[in-house]
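> task: produce atomic coordinates for the following.
(2 chains)
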Protein chains: 2
Amino acid sequence: MTGELVISLDAMGGDNAPDIVIEGASIARERTPNLRFLIFGDETRIVPLLTRYPILKGCCEVRHTDKTISADEKPSQALRRGRDSSMGQSIQAVKDGESCAAVLAGNTGAQMALAKFILRTMPGIDRPALASLIPTNRGESVMLDLGANVECDENNLVQFAIMGAAFARSVLGVAKPTVAILNVGVEELKGSDAIKEADRMLREANIPMDYKGFTEGHGLGSGEVDVVVTDGFTGNIALKTAEGTAKMIANLLKRTLNESIVSKVGALFASASLQSLKNHLDPNNHNGAVFMGLNGLVIKSHGGASSKGFASAIIAAIDMAENDLAGKITRDLMNFNSSGSNDIDENVNEKKDETVIEMNIKEIQ
Amino acid sequence: MTGELVISLDAMGGDNAPDIVIEGASIARERTPNLRFLIFGDETRIVPLLTRYPILKGCCEVRHTDKTISADEKPSQALRRGRDSSMGQSIQAVKDGESCAAVLAGNTGAQMALAKFILRTMPGIDRPALASLIPTNRGESVMLDLGANVECDENNLVQFAIMGAAFARSVLGVAKPTVAILNVGVEELKGSDAIKEADRMLREANIPMDYKGFTEGHGLGSGEVDVVVTDGFTGNIALKTAEGTAKMIANLLKRTLNESIVSKVGALFASASLQSLKNHLDPNNHNGAVFMGLNGLVIKSHGGASSKGFASAIIAAIDMAENDLAGKITRDLMNFNSSGSNDIDENVNEKKDETVIEMNIKEIQ
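The predicted structure is shown next:
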């Protein structure tokens, strides 16, 4: 790690802001000595908190704003009046080169709308996607889109595959990641037309990935591939189903181990092992979804993340910044485009002005 | 329980046919004394197996056919040449009133195509849906569609809700089941147009259900509602994701409990409790998805089910037959239609001849 890294934070986003944000920043700072923060939000609430964390206080700058984006604000409202909010200013700092990434909790639709408007999409990308690491049987995989786009066509899915592969190379350190599209079966004739066409395009593409075709819901937990590509509706439901199932099993396990004295003794003996499993499955340890395909890094933390979870999101942001995620995506897109196997209009994002973005944000509400 | 119950079985479907089918039938017979079977398939393989189960042998009739549907057969092929196969004949027995339900393992697309063609859809139902019980934190819930229809409109979703509620009243015994549509958020403005319109229609409907609006992926594991309604693509992926996650956790738990002597001792003490949890989550104990909306009961078993799993599917079939699932659906549809809050064309299934069905089966391939 070289030089100084600056991360911008929206101190006012998420369920327990600003406390969780400041405490999370302090935890991340302890692990990353060359880290500095630009913190946006209500200084009357932030500054008193900072007195508890003298080291953090010494390496951050607080920029005051009264304006915040509420959890129930629509993306269109956020676009109209949120650009000088703590969220908007955190993203603007990335655009202006003041920070290498913004880490935000809270209103996802507003984050997406503001990030897309302020940073714009990369050339060759029609729509950004939300990507994250998910725990599997053999470690971690990347899944995208997790909810930025309710409906996706074949070009979107192909672009998601390219971005997901770059993510796996950057963050998981896999040279040639295995990639698959989530589908209801592995046979080529299954699924929607968009999925079948994306499958055909990826089979012919010339990019550093090992494209495997389709994977089913079972493949998420088993970690069958490094990168799972899907539309935002399915991805959001699959991610939350997996999290919900893990939580259900944890509850049932707790209840069942408390049923008798014998099983309580068992649980006591097994407690260290059970704790390590709990850590592997804890969403706080996999926190930090990234809006991929923008000209700048914006990382979304779970709204209900703990301070440890918020620190994980900051550390994920550092990883992506240091491993040149954006550069990898740009190069892969250029290779894909020059292989002539697609119809992506490179200038598509140039055409988008605020009105068009407002019209398009229906998809992320 | 009164009178004699006859179930027709395709002895040749599933990964370990006919052994699993015959053994499963024997297990189900032990638990249900008034049960009889019509067994379709290759008698040179079935009859020798039956010698192992004298009680079963005394209450079943084997009808020989050489013709079977293979696992990779397309629905269109199954329709063209499969109507006198063991699968087709099992369904025909329901149509002819010889059996009260058919229980089938193996090729789901072929099952759906043949069942739809032979039994036809109920008046008021455009498309059948695949429904099943899923394990939750508070017991079991019903989910549909699990993969019969890749794309669904608002009328399909409303019909799925009505059928799912009838399923919950029949099989779970809930007088007024809670019902929700699976979505990426609980706010009314989220999701596709079809989902939003189905939500509006269900809020106004006059049927014995407690409609709750939207539920997210988390709600599946927590058992937030009795009935979860979704399209077949999302439902299939959510179900398999939940099963895959449960399997992943079981594997990790096993691995982690074997890590040290102390944790092995813990596992030993907790083994009875862990076994009861395993039973609750075992897909074999929730086996038996039903094709809802047909003029007759067809139950699909997992292709890879154990004999115990196949027996569960038979017992589920008996439950549905005895609790008049079809009658409940018909009455609810009539109430819904007479409340005037829908555009369902009651005669839609009358128009369907074989050609139309062949054209429509794209959705279930």
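> contacts, neighbours, all on C-alpha from now
OK.
> in space, what's closest to the closest residue to chain B within the stretch 1-150 of chain A - neighbours in sequence excluded?
Closest residue of the stretch 1-150 of chain A to chain B, CA to the nearest CA: A:N137 (5.4 Å). Spatially, and ignoring its direct neighbours in sequence, A:N137 is nearest to A:S222 (4.9 Å; CA to CA, 6 or more residues apart in numbering or on different chains).
> A:A289 now?
A:S132 (4.4 Å).
> with A:A316 instead?
Here the residue nearest A:A316, using CA to CA, 6+ apart, is A:G288, at 6.1 Å.
> how about low-confidence regions in chain A?
Scanning chain A with the threshold set as pLDDT under 70 gives A:1-2, A:188-189, A:339-365.
> quick one, phi psi at the most centrally placed residue in it?
Nearest to the mean C-alpha position of chain A, by CA atoms, centre = their mean, lies A:A289 at 1.3 Å. As for A:A289, its main-chain torsions (degrees, to the nearest 10) stand at phi -90, psi 150.
> residues in contact with it?
A:L130, A:A131, A:S132, A:L133, A:I299, A:K300, A:S301, A:A313 (CA atoms under 8 Å, 6 or more residues apart in numbering or on different chains).
> burial of the last one, as a residue count?
Using other CA atoms under 10 Å in any protein chain shown, A:A313 has 30 neighbouring residues.
> following the helix or strand where it lies, which helix or strand shows up next?
If you go by DSSP states H and E, A:A313 is part of helix A:307-322. Following helix A:307-322 in sequence order, the next helix or strand is helix A:325-338 (DSSP H and E).
> and the helix or strand containing A:R63, how far from the chain's centre?
Here A:R63 sits within strand A:60-64, counting by DSSP H and E. Strand A:60-64 sits 25 Å away from the centroid of its parent chain (CA atoms, centre = their mean, to the nearest Å).
> which helices and strands sit right next to the helix or strand just after that strand?
With elements assigned by DSSP H and E, the helix or strand that comes after strand A:60-64 is helix A:75-81. Under the contact criterion of 3 or more CA pairs under 8 Å, 6 or more residues apart in numbering or on different chains; DSSP states H and E, helix A:75-81 touches helix A:108-119.
> do the helix it packs on and chain B come into contact?
No. Using CA under 8 Å from any CA of the partner chain, helix A:108-119 stays clear of chain B, with a minimum separation of 10.5 Å.
> for that helix, list every residue counted as buried.
Buried residues in helix A:108-119, counted by 16 or more other CA atoms under 10 Å in any protein chain shown: A:T108, A:G109, A:A110, A:Q111, A:M112, A:A113, A:L114, A:A115, A:K116, A:F117, A:I118, A:L119.
> residues in contact with the residue nearest to A:A316?
Applying CA under 8 Å, 6+ apart, the residues near A:G288 are A:S132, A:I299, A:K300, A:S301, A:H302, A:F310, A:S312, A:A313, A:I314, A:A316, A:A317.
> can we see that at 6 Å?
By CA atoms under 6 Å, 6 or more residues apart in numbering or on different chains, the contact set of A:G288 is A:I299, A:K300, A:S301, A:A313.
> roughly how far apart are it and A:A165?
17 Å (CA to CA, to the nearest Å).
> and A:F40, by the same measure?
32 Å.
> also A:N149?
Separation of A:N149 from A:A165 (CA to CA) stands at 19 Å.
> can you pull the phi/psi pair for A:N183?
Per degrees, to the nearest 10, the backbone of A:N183 is at phi -150, psi 170.
> can you report how many residues lie near it?
Other residues close to A:N183 by other CA under 10 Å number 25.
> and what of A:K176?
Using other CA under 10 Å, A:K176 has 16 neighbouring residues.
> now do A:N279
Number of residues near A:N279 (other CA under 10 Å) recorded here: 13.
> which residues are contacting the helix or strand encompassing it?
Under the criterion of DSSP H and E, A:N279 resides in helix A:271-281. By CA under 6 Å, 6+ apart, the residues outside helix A:271-281 that reach it are B:T256.
> next structured bit after it?
strand A:289-292.
> now do that next one: distance to the chain's middle.
Per CA atoms, centre = their mean, the centroid offset for strand A:289-292 relative to its chain is 4 Å.
> close to chain B: what parts of the stretch 51-200 of chain A are there?
Proximity of the stretch 51-200 of chain A to chain B, by CA under 6 Å from any CA of the partner chain, involves residues A:N137, A:K190.
> 8 Å - rerun?
A:T136, A:N137, A:G147, A:V150, A:E151, A:L182, A:N183, A:V184, A:L189, A:K190, A:G191, A:S192.
> the closest residue to the last one other than its chain neighbours: neighbouring residues, count only.
It stands for A:S192. Excluding its sequence neighbours, the residue lying closest to A:S192 (CA to CA, 6+ apart) is B:V150, at 7.1 Å. Residues contacting B:V150 under the criterion other CA under 10 Å number 21.
> and if you look at A:H64?
15.
> same question, A:R203
Counted with other CA under 10 Å, A:R203 comes out at 14.
> helix or strand for the closest residue to it other than its chain neighbours, which one?
Sequence neighbours aside, A:Y211 is the residue nearest to A:R203 in space, at 6.7 Å (criterion: CA to CA, 6+ apart). Assignment of secondary structure by DSSP H and E places A:Y211 within strand A:210-215.
> could you list the paired strands of that strand along with their orientation?
Sheet pairing for strand A:210-215, assigned by DSSP bridges, gives strand A:178-182 (parallel).
> so what touches the partner strand?
Here strand A:178-182 makes contact (CA under 8 Å, 6+ apart) with A:161, A:165, A:195, A:199, A:209-217, A:225-230, B:237.
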